[in-house]
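*Asks:* next come a sequence and a model predicted from it.
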Amino acid sequence: MNRLPSLLAGVLLGLATTASATGVETRWIGPDDPLAETARQRGGAVGQELLQTLMGEVKAALKTGGPVHAVDFCNLQALPLTMNVTMRSGTDVLDVKRTSLQLRNPRNAPDPAEEEALQRVVEILETKGELPGYLLQEVVEENGDEEVRFYKPIALRQGCLQCHGDPSTFSAELRETLAENYPDDQATGYEEGDWRGLLRVSLAKP
Ligand code: HEC
């Protein structure tokens with residue numbers, strides 16, 4: 001088959017969409033796009049709720065039993081708590097997740113569309129020297145499922161370094177607990193203000 005016509009059409013459309021080898025198609029949604037306003041507001045609100053839920057729980061666990069206890073707590077509860085936020089958020093919210101280029105839990109590994117978002121943040125950081133406030137992306141799965149994704153870059157605050165900072169500042173017990181639960185942990189060695197990863201809220205396309 002001659003594939004040139006569709007290739008040409010892609011070029012003429014300005015390559016607004018990219019199709020990866022996995023069959024997922026993605027498109028960045030600019031601020032003037034009709035989809036942008038709702039996605040930004042809804043994604044922002046749900047994202048905020050997730051961060052508040054997780055950090056509230058981590059703070060409480062730190063207070064009760066210190067970092068070792070809090071890591072055990074995160075190990076058991078971070079993913080279920082994340083799923084809870086999806087469940088109670090209404091039918092327009094399809095999924096909520098955190099991901100990173102330096103993972104602690106491999107279950108938070110990026111999917112192909114998230115991979116593109118992570119790379120885009122890297123580019124923006126390199127060219128502008130600061131994190132974007134958010135990114136919006138339209139995703140069409142191979143099976144035709146569509147969603148609008150809101151991504152929020154997460155930067156590390158001082159308190160986060162107790163578990164993501166320089167391991168030599170950790171107690172031996174904390175180092176052991178991390179090594180036991182996360183043998184491939186890449187999420188240490190950060191400094192305050194460093195970019196840690198992305199929060200993602202998937203919304204049903206209106
Ligand atoms: C008490 C220790 C602790 C503190 C404090 C902490 N984290 Fe984590 N963090 C963890 C653990 C444990 C995981 C893995 C959770 C899991 O199993 O899903 C994690 C996972 C993450 C992830 C998901 C990506 C990945 O690598 O698995 C992000 C993003 C993250 N932390 C950001 C932060 C930020 C931002 C702060 C501060 C606001 C923070 N963390 C504070 C222990 C901590």
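*Replies:* Good, I have the coordinates. Numbers count the residues shown, from 1 in each chain.

*Asks:* name the helices or strands packed onto the lengthiest helix in the chain?
*Replies:* When the chain is parsed with DSSP state H, its longest helix is helix 36-88. The contact analysis (3 or more C-beta pairs under 8 Å, 6 or more residues apart in numbering; DSSP states H and E) places helix 36-88 against strand 93-99, strand 135-140, strand 146-155, helix 161-164, helix 172-181, strand 195-204. For every residue, glycine as well, the C-beta is placed using N, CA and C.

*Asks:* most tightly packed of these?
*Replies:* The highest average neighbour count among the helices and strands packed on helix 36-88, using mean count of other C-beta atoms under 10 Å, belongs to strand 195-204 at a mean of 22.

*Asks:* tell me which other helices or strands it touches.
*Replies:* Partner elements for strand 195-204 (3+ C-beta pairs under 8 Å, 6+ apart): helix 36-88, strand 93-99, helix 112-128, strand 146-155.

*Asks:* on that earlier part again, dump the helices and strands packed on helix 36-88 into JSON lines; add distance to G30 as well.
*Replies:* JSON lines is the format used below for the helices and strands packed on helix 36-88 (distance: least, C-beta to C-beta, whole Å):
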{"stretch": "strand 93-99", "distance to G30": "22"}
{"stretch": "strand 135-140", "distance to G30": "8"}
{"stretch": "strand 146-155", "distance to G30": "13"}
{"stretch": "helix 161-164", "distance to G30": "33"}
{"stretch": "helix 172-181", "distance to G30": "40"}
{"stretch": "strand 195-204", "distance to G30": "17"}
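
*Asks:* of those, which is nearest the ligand?
*Replies:* Closest of the helices and strands packed on helix 36-88 to the ligand is helix 161-164, at 2.9 Å (criterion: C-beta to the nearest ligand atom).

*Asks:* give me the mean pLDDT for the closest one.
*Replies:* Average pLDDT, helix 161-164: 96.

*Asks:* is the ligand within reach of that helix?
*Replies:* Yes. Judged by C-beta under 6 Å from any ligand atom, helix 161-164 and the ligand are in contact via Q162, C163, H164.

*Asks:* also stretch 93-100?
*Replies:* Yes. Stretch 93-100 reaches the ligand (C-beta under 6 Å from any ligand atom) through R98, S100.

*Asks:* sorry, back to before: and which of the residues of helix 161-164 next to the ligand is nearest to L103?
*Replies:* Nearest to L103 among those is H164, at 11.6 Å by C-beta to C-beta.

*Asks:* what does the protein put close to the ligand?
*Replies:* Contact residues (C-beta under 6 Å from any ligand atom) of the chain with the ligand: 55, 58, 62, 67, 70-71, 74-75, 78-79, 98, 100, 103-105, 108, 154, 156-157, 159-160, 162-164, 187, 196-197.

*Asks:* low-confidence ranges in this protein?
*Replies:* The model of the chain has pLDDT under 70 over residues 1-21.

*Asks:* and the longest helix of the chain with strand 135-140, angle?
*Replies:* On the basis of axes from the mean of the first three to the mean of the last three C-alpha atoms, to 10 degrees, helix 36-88 is oriented at 70 degrees to strand 135-140.

*Asks:* check the offset of helix 36-88 from the chain's centre.
*Replies:* 13 Å (C-alpha atoms, centre = their mean, to the nearest Å).

*Asks:* what angle do that helix and strand 146-155 make?
*Replies:* Using the same axes, to 10 degrees, the inter-axis angle of helix 36-88 relative to strand 146-155 is 90 degrees.

*Asks:* I'm done for today, thanks for sticking with me.
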